[in-house]
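In: okay, structure incoming, though there's no sequence with it:
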């Protein structure tokens, strides 16, 4: 006990696991993104799916209520209730969500939807005809073959635009997401992804305008491309989410330093397996998530990089396996008797940096905030989706 | 739209994704496990971490309040408040949770803790000396090198027992978990795991008794070994969790049929990528979890097996990739133009069977229950851990 206690540092007897958020790192990350985009006079429309937290998102707007991006209509409800009005729901809209979207519009939200097919456009137009509110839409463009969206030169763009116009749905413009930037191997490659992202959405915008459809919004977004694009010519707004916290995947891409990662899971050593060079901690996949985003990167971080209670990485130690409420901490290179992990007695607190901040944060009801001033407020999250 | 609507079957306009629980399958799975254990006159102490749901756990006890296993003290609080008194907290106890455990004891819970080290025993004894309540403990045994626990013949067993006795902590017996049964390739191999599990914990119990420490509880548990053990000689209780729902990992082990899986995620087609043979659905990792438990099995099910809205698997279709709120459905063998998935128009509802029921259920606030009688109650879960 004495030995364990002396290692516990500033957070002596909190029940673990819990989610720590370093406020100073958060603020520095926000300042970095805002500084970068303000140099280009671009609107930042942060993706709030990363934090799902009012206190975090407020810091992006100095306490104001700027434009946001959401991944679910529950997020839209949550942030709208807190005063956010300009909301982009950035997942293709489908009929079972029309009534929810209409309710948000009726309540006064400036909600924008996205779609990428004639079928969805026809469905929305048919529904909109039954409603008094006007729906607004961006067309989703596929800039890199990553997931969803229309090809930048697709003849469907103008056809869909015509369906929307004829049906009284307002087409605001186009949006895309350079999802493939997450698979880059260098910042130079990210810069190339950003070029594809910019060019794809600009090409689509030009095609629409040439067909007589005015384009007011040309939206791109991903944390890597937002930070490493050469320019944003022709772009009106940038969406990005994970930059508020960063994570090991972003570090592996060269987008941030380890010491920029604002999120960590506080955990406690609950067992030791000396023959194997393991210690067991009380953070399993319920705390860390099952995300293995670094598995495909040059440096595989297992289920997370192990730090001491002050957040200092411990050379070579990762969470190598997880069950629901157990994590196995061992050396990256394997262990065996006398492994590095064994220096930590039962009761030692450790901090685990996450592979993917969005996924790890989603495993908790909120953030225990640590800051230089020593206060430790709890910032709740929208729980669930 | 018309085509989509006609596919929607019995659940026409629910907002997706959501978690469906087939009550008849749940009841059949419960009956199977109870039938098996009652043939051996064994106590079932279900692991409630799978469902974290009062309505599910009640069905295990015909509405009564039997003994349960929990993975967190929050689960203990939740079930104790609902009348469950006999609770085993099956994760190694550590100092930052002593006060919480003491509060449960003070409130009247018959809470049992586990530990596997002299350090933890000393810490608990030191804490117990400051409390009026008596703590009860099982020693955790490592039957298969899977994770935690003392070797079955470890000389530490009697040393720890002496520390506990001298410190006034009640030692009830031993427990183990055949975690390696999840890596089996046949039910015959599961049966061998069950033998290891039984033999390991029995050996530890015999060693303790020979050293003068009475053993009243000899506890084993995992769904595969509970269902495929040859016998349970010398065992007093069985813990198992995932059998209530089953999942694709259990199916891959040969433990259940596809049509026994009681849990599925209802999702909707929101996009199509014809060139790639994909459809995009609105169930990403926030709905399905990132669990890839079938990746190491002979049949890799991706992030889940795709079924029609009635729960009938669609040959060869899996969720091949996920982002936060997007899933990509494609053929297991890859797709390309004209892929099977493309037969589903936008708006089609699909059901996804999960790799790992515990992980997928944890992504939702509760269960939409489907049953032959057509009622569709919502059964809430303890949210978070």
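Out: Right, received. Where do you want to start? Every value quoted in this text rests on a predicted model; they were computed, and no experiment measured them.

In: was I right to think residue A:52 contacts residue A:382?
Out: Yes: checked against CB atoms under 8 Å, the pair residue A:52 and residue A:382 is within contact range at 4.2 Å. Quick note: C-beta positions are derived from backbone N, CA and C, even for glycine.

In: next SSE downstream of the worst-scoring helix or strand of chain A on mean pLDDT?
Out: Every helix and strand in chain A was compared by mean pLDDT, DSSP states H and E; the lowest is helix A:2-7, with a mean of 34. Next helix or strand after helix A:2-7 toward the C-terminus (DSSP states H and E): strand A:18-22.

In: give me the helices and strands touching whichever helix or strand comes after that following strand, please.
Out: The element immediately downstream of strand A:18-22 (helix or strand, assigned by DSSP H and E) is helix A:23-39. With contacts defined as 3 or more CB pairs under 8 Å, 6 or more residues apart in numbering or on different chains; DSSP states H and E, the secondary structure elements packing on helix A:23-39 are strand A:43-44, helix A:223-228.

In: let's have those in a markdown table, adding distance to residue A:191.
Out: Below are these laid out as a markdown table (distance: least, CB to CB, whole Å):
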| stretch | distance to residue A:191 |
| --- | --- |
| strand A:43-44 | 19 |
| helix A:223-228 | 5 |
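
In: and those: which comes nearest chain B?
Out: Closest approach to chain B among the helices and strands packed on helix A:23-39 is made by helix A:223-228 (13.3 Å; CB to the nearest CB).

In: thinking again about what came up before, now the helices and strands packed on helix A:23-39 as CSV including mean pLDDT?
Out: Supplementary listing: those in CSV, determined by pLDDT from 0 to 100:
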stretch, mean pLDDT
strand A:43-44, 96
helix A:223-228, 97
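
In: hey, which of these is tucked in deepest?
Out: Using mean count of other CB atoms under 10 Å in any protein chain shown, the stretch among the helices and strands packed on helix A:23-39 with the greatest mean number of neighbours is helix A:223-228 (a mean of 27).

In: what sits up against it?
Out: A:32-33, A:36-37, A:178, A:181-182, A:184, A:187, A:190-191, A:193-194, A:197, A:220, A:238, A:240-243, A:246, A:250, A:253, A:255 (CB atoms under 8 Å, 6 or more residues apart in numbering or on different chains).

In: just the buried subset of those, written out for ChimeraX, thanks.
Out: Once 16 or more other CB atoms under 10 Å in any protein chain shown is used to decide burial, the buried members of the contacts of helix A:223-228 can be selected in ChimeraX as follows:
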select /A:33,36,37,178,181,182,184,190,191,193,194,197,220,238,240,241,242,243,246,250,253,255
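
In: among the contacts of helix A:223-228, name the ones in strands.
Out: Counted as lying in strands by DSSP state E, out of those, are A:220, A:238.

In: show me where chain A has helices.
Out: A:2-7, A:23-39, A:54-58, A:73-81, A:98-107, A:118-128, A:156-166, A:187-210, A:223-228, A:248-253, A:285-288, A:357-361 (DSSP state H).

In: interface residues of the stretch 51-200 of chain A facing chain B?
Out: When proximity is defined as CB under 8 Å from any CB of the partner chain, the stretch 51-200 of chain A approaches chain B at A:71-73, A:91-97, A:99-100, A:116-117, A:119-120, A:122-123, A:126, A:142, A:145, A:147-149, A:179.

In: please repeat the previous calculation with a cut-off of 6 Å.
Out: For the stretch 51-200 of chain A, the residues in contact with chain B (CB under 6 Å from any CB of the partner chain) are A:71, A:91-92, A:94-97, A:116-117, A:119-120, A:123, A:147-148.

In: picking up where we left off before, looking at the helices of chain A, which has the lowest confidence?
Out: Averaging pLDDT over each of these singles out helix A:2-7 as the lowest, with a mean of 34.

In: and for stretch A:121-130, what's in contact with it?
Out: Residues lying outside stretch A:121-130 but in contact with it, judged by CB atoms under 6 Å, 6 or more residues apart in numbering or on different chains, are A:95, A:98, A:115, A:135, A:160, A:163-164, A:167, A:169, B:1.

In: assess the claim that residue A:174 and residue A:204 are in contact.
Out: Yes: in this structure, residue A:174 is within contact of residue A:204 by CB atoms under 6 Å, at 4.7 Å.

In: burial of the closest residue to residue A:280 other than its chain neighbours, as a residue count?
Out: With CB to CB, 6 or more residues apart in numbering or on different chains as the measure, residue A:271 is the residue that lies nearest to residue A:280, at 3.7 Å, once sequence neighbours are left out. Residue A:271: 27 surrounding residues under other CB atoms under 10 Å in any protein chain shown.
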